Structures are given as structure tokens and as C-alpha cells.
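>>> Mind looking at a prediction? Sequence and model below.
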Amino acid sequence: MLQGRSLIEPLDFSVGELDGLFRLSEEIAAAPERYAGSCAGKLLATLFYEPSTRTRFSFEAAMLRLGGKVIGFSGEANSSAAKGESISDTIRTVACYADVAVIRHPKEGSALVAAACTDMPVINGGDGGHQHPTQTLTDLLTIHREKGRLDNLRIGLCGDLKFGRTVHSLIKALSRYEGMEFCLISPEELAAPDYVVRDIKQGRGCKYVEARHMKEVLGDVDILYMTRVQKERFFNEEDYLRLKDTYILDAKKMSYARDDMIVMHPLPRVNEIAPEVDKDPRAKYFDQAKNGMYVRMALIMALLGAAE
Ligand code: NCD
């Protein structure tokens, strides 16, 4: 039962609970109109202290498509945080008005703090360079839809594995499935943190290799998960400028990949995928963005007890 629970990090839900969410997401995707009144009378609050396009809009679209309503702010300057209010006071106040809230904040651990202050379900929409569990729901649903399974897959994760929260959450979640192999492709300075590599080592028979160049693993992976170098997490611009274009996936590189490989990206992209790749049928990042809305519809329904 997910009713009344919060989602702060990927392991908050069991594999069985995730299966249920993905089944519901598939049913919603097949016949969205059947769910048009599922959350009538309910209110979602979106508390976005950091920029967002997909996460906020997909949550808002999800709630509106379920017949619910949405309130929220986008940008710290538009909330009382600008006056010095704490996260805990803000969330307690929002809980007086809304039934469920999504929070995105630049500080690691902020969503956990928020959830501890209220009985209202709180969803982590990204906490600094730490975790992004609803992007992971999106990614898992996409992998399942495209590959038919979530185990025994070889996945290349490429780019900023140090600051990229989507990668941290995805690795954590996939390490629970059997026989996963991770190819971690990054410059040394942007390698995955030890706590993330530990998730793989403690996983269910998972393996990993590290690579500096895409070409080393490109012909060998089922999934290539590209990421943006996270400009906003760098301490100095010089390092960002030096590292930002380390990897660029273009049509030539795609020619080394298998015909059944898929390319994923949480978006936004900057330069790391050339626009020419978009027309390649293996490019799945816009399908992924759409899946994000379906899985968030399923999540909101489950947390509000509307999924039975
Ligand atoms: C990601 C994020 O915010 O972490 N975007 C998203 O939610 N789809 C990835 C990114 O910003 O690079």
C-alpha cells in the first residue's frame, strides 16, 4: 500500500510496489481518459526552488489529467524562502492546503527534512546532486517498455556521474535487479561517487566497468544513458568549460552501436547529443519524457489512495 507514503529515494518502494506502479502506468498510457476523474477534489503543491521543465510540468499535467488541481511556485524568489522561511515551516503551511507535494531544492537531504515535518505525502523532485527518484520511475518504465525487462541488461551511463542525481538514483534502483552490468563512462573528475559505486557492489550480482571513452563500450550496451554536465554544481566556471563537451553522441558514434540499443537522456540536453541523433529510431528521450507523465499519474493516484 503506497497510500499516505512519501517518495524520497528510490528504495523507499519495494520491487513489488514498483511493479504495481508500472502496471498502472501502462493502463493509464493505454486509456488515459478512463482516469480523468481519479483525483477529482485533490490538490497537488509544487515547490520548486530550482529550475525545472519536465519534472514540474509532468507533475502538473499528471494531476490535471487526473482531474485534480495544482498550486505552487517556481523559483525561490517567488516564495517566502526569499524572506528567510525554513523548509519545515513552508511544508507545514503547504500541508494545510494541499493533499500531496513535490519539492525540488538545491540542498541534498531537503526532501527528507520536508517529509519528516508533515503527514502529507512528500515527493522528492530532486535534492541537489543527490537523488531524483521520480526520474528513476520514468527511466525504469521506459527501459521496461523498450526492453521488456529490468534485469540482465548492460547499461552505459555517460557524462557527469559525479553530480548527476538521475544517475545516482537509477544505479541505486537498478542494482536491486539481477545480472545488471554498468559501464560508467566519465572523465576522472566526474566519476561516480564512492557511495554510488557501493550500491552496485552490494547489488544482486551486478558488475561494473569504468571507461573514459564512449567508443570502448558503445558496441556492447543495451542502453546508453547520456547526461548533461551539471553546470550549476561546479565551484568554478573554468572546470565546467573544460569538461562540458567531453562526450558528444553523434550519428557517426551511433553507427558503432547495436541496432537494438536505445539512447536515453533525462533532458535537458546541452551539447551531449547532436540533434541529428533525434531522428534515429534508437533515440528514446522524448518517449521517456512522455512516460514521465504516465508514471507520475500512477504515483499520485497511489499516494492519494486512488489506485485501488
Ligand atoms: C534532470 C535533473 O533535474 O536532475 N532533469 C530532469 O529532471 N529531467 C537532469 C538534468 O538537469 O541534467
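Here it is on my side, so go on. Since we're looking at a predicted model, the values are computed, not measured.
>>> can you give me the helices for the stretch 151-300 of the chain?
165-174, 194-201, 237-243, 251-254, 285-303 (DSSP state H, counting those that start in this stretch).
>>> Can you list the buried residues in the fourth one?
Going by neighbour count (16 or more other C-beta atoms under 10 Å), the buried part of helix 251-254 is 253, 254. Every C-beta, even on glycine, is put in place using the N, C-alpha and C of the backbone.
>>> Adding mean pLDDT and distance to residue 180 as columns, could you present the helices of the stretch 151-300 of the chain in CSV?
Formatted as CSV, those follow (pLDDT from 0 to 100; distance: least, C-beta to C-beta, whole Å):
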stretch, mean pLDDT, distance to residue 180
helix 165-174, 98, 5
helix 194-201, 96, 8
helix 237-243, 96, 27
helix 251-254, 98, 23
helix 285-303, 98, 19
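>>> Comparing those helices, which comes out most buried?
Ranked by mean neighbour count under mean count of other C-beta atoms under 10 Å, the helices of the stretch 151-300 of the chain are led by helix 165-174, which reaches a mean of 26.
>>> Quick one: residues in contact with that helix.
9-11, 18, 126-133, 135-136, 139-140, 150, 153, 155, 157, 160-161, 180, 182, 192-193, 196, 199-200, 203, 206, 225, 227, 266 (C-beta atoms under 8 Å, 6 or more residues apart in numbering).
>>> before we move on, what about stretch 105-118?
6, 8-9, 47, 49-50, 87-88, 90-92, 95, 101, 103, 122-130, 232.
>>> just stretch 197-207 next, same as before
With C-beta under 8 Å, 6+ apart, stretch 197-207 has contacts from 171-172, 174-182, 184, 208.
>>> before we move on, what about stretch 28-37?
Residues contacting stretch 28-37 (C-beta under 8 Å, 6+ apart): 27, 65, 66, 67, 291, 294, 297, 298, 301.
>>> The second one: how many residues sit nearby?
By other C-beta atoms under 10 Å, the residues close to residue 65 number 20.
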